[in-house]
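Visitor: no sequence on this one, just coordinates:
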């Protein structure tokens with residue numbers, strides 16, 4: 001997300017030095033849409049997990065430790081960062097940007113409805129790919145967590161020594 005923001009800043013500064021208003025520069029507008037998309041995605045992820053600090057299990061309510069919530073948030077940040085550089089998502093993002101630029105260039109034409117439909121399809125395909133990636137990463141993390149919690153704890157050297165002294 002930071003890379004997208006810095007790219008937007010560079011494009012904006014370059015546009016202003018050329019004397020082109022930001023609202024009339026299609027590159028700046030397209031990049032602004034990308035930053036908005038990443039900000040929205042990050043906000044959704046943050047809101048999704050902001051209020052889940054308890055687990056209800058029957059009559060018992062288990063408070064989720066702060067360190068665990070922070071670990072999950074760090075993992076989500078890592079997954080979002082990985083999504084930014086994922087080759088498949090980069091290709092879809094490029095297709096979406098290209099369709100948006102075409103749409104923006106022909107917005108005043110009568111054929112803009114067709115261009116909008118093409119951009120919208122690519123935009124939703126990209127969003128679906130991002131959601132699928134996040135879902136699969138979350139599923140994988142959940143399976144690893146469940147597997148780790150179900151595995152018996154490994155005995156430490158101290159446990160081995162204490163069991164030997166008790167049997168002697």
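Guide: Good, I have the coordinates. Everything numeric here is computed off the predicted structure, so don't read it as measured data.
Visitor: Give the buried residues for stretch 34-42.
Guide: Neighbour counts over stretch 34-42 (16 or more other CB atoms under 10 Å) mark 34-35, 37-38, 41 as buried. All C-beta atoms are positioned from the backbone trio N, CA, C, and that covers glycine.
Visitor: go on, stretch 137-150?
Guide: Residues of stretch 137-150 classed as buried: residue 137 (neighbour count, 16+ other CB under 10 Å).
Visitor: Give me the contacts around that stretch.
Guide: 75, 79, 82 (CB atoms under 8 Å, 6 or more residues apart in numbering).
Visitor: any idea which helix or strand carries the first one?
Guide: In other words, residue 75. According to DSSP states H and E, residue 75 maps onto helix 66-85.
Visitor: quick one: average pLDDT of that helix?
Guide: In this model, helix 66-85 has a mean pLDDT of 80.
Visitor: how far out from the middle of the chain is that helix?
Guide: Taking CA atoms, centre = their mean, to the nearest Å, one finds helix 66-85 lying 9 Å from the centre of the chain it belongs to.
Visitor: Please identify the next secondary structure element, helix or strand, after it.
Guide: Assigned by DSSP H and E, the successor of helix 66-85 is helix 87-105.
Visitor: helix or strand right after that next one?
Guide: That would be, after helix 87-105 and using DSSP H and E, helix 112-150.
Visitor: can you give me the angle that next one makes with helix 87-105?
Guide: Using axes from the mean of the first three to the mean of the last three CA atoms, to 10 degrees, the inter-axis angle of helix 112-150 relative to helix 87-105 is 160 degrees.
Visitor: what does the average pLDDT come to for helix 112-150?
Guide: The average pLDDT within helix 112-150 is 80.
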